[in-house]
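Give me a model of this one.
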Amino acid sequence: MKVSNVSRWCLGLVFLLLQNVAMGQILTPAKWSSETSVDKAKVGDIVELVFTADLDDTWYIYSSDQDPNVGPLPAVFTFEKDPSYKLVGEIQPIGVKEKYDEIWDGTVRTLKEKAEFRQKVKILKKDLNILVLCEYQVCTTVDGKCIPGDEEFEFDNIKVIQ
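Just a heads-up that it's a prediction; the model follows:
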């Protein structure tokens with residue numbers, strides 16, 4: 001059986017359309033943003049970095065203070081070391097809810113709708129360079145589906161004055 005060029009072209013077009021539909025199926029239930037407590041600061045000041053994930057309905061994220069021994073992946077914030085700042089304390093999740101989870105056979109700490117995390121840093125140099133990687137897991141209450149994710153943040157909006 002001989003396949004015509006038109007048939008090959010149509011088949012190729014169908015394949016490309018199906019590929020685009022499949023790529024459109026990627027779930028992104030967490031939309032991240034970041035901000036700082038101030039726009040201007042001096043060397044020696046302590047400022048707060050705010051990380052926010054707006055979560056789709058029925059989705060939740062595991063808190064940064066979730067016990068990793070229980071099972072689910074907590075939100076982990078990794079700050080790239082730089083001599084221009086130092087961390088002050090631990091990252092703080094805001095609005096955490098606790099519940100016993102039968103799947104994990106333990107207490108889980110989650111955030112729903114809007115997940116907020118805050119980290120204080122002390123500015124040590126004028127040329128401030130703060131890069132952060134967040135690795136997290138979001139799950140849905142509908143069917144228990146969980147998706148790992150990661151997000152990079154760069155805080156370059158603080159003007160450091162002497």
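
where are the low-confidence patches of the protein?
Per-residue confidence for the chain (pLDDT under 70) gives these ranges: 1-25.

switch to 90 and redo it
Counting by pLDDT under 90, the chain shows low-confidence ranges at 1-28, 67-72, 99, 101-104, 143-144, 156-157, 161-162.

ok, what's across the strand from residue 32?
Note on residue 32: beta-bridge partners residue 53, judged by DSSP bridges.

so what's it up against?
Shown here is residue 32, whose contacts under the criterion CB atoms under 8 Å, 6 or more residues apart in numbering are 51, 52, 53, 134, 151, 153. Quick note: C-beta positions are derived from backbone N, CA and C, even for glycine.

The third one touches residue 112, doesn't it?
No. Using CB atoms under 8 Å, residue 53 and residue 112 do not qualify as a contacting pair, with a distance of 10.5 Å.

What is the burial count for residue 159?
With neighbours defined by other CB atoms under 10 Å, the count for residue 159 comes to 11.

okay, now the nearest residue to it once chain neighbours are set aside: neighbour count?
Closest residue in space to residue 159, ignoring its immediate chain neighbours: residue 40 at 4.8 Å, by CB to CB, 6 or more residues apart in numbering. Around residue 40 there are 11 other residues, counting by other CB under 10 Å.
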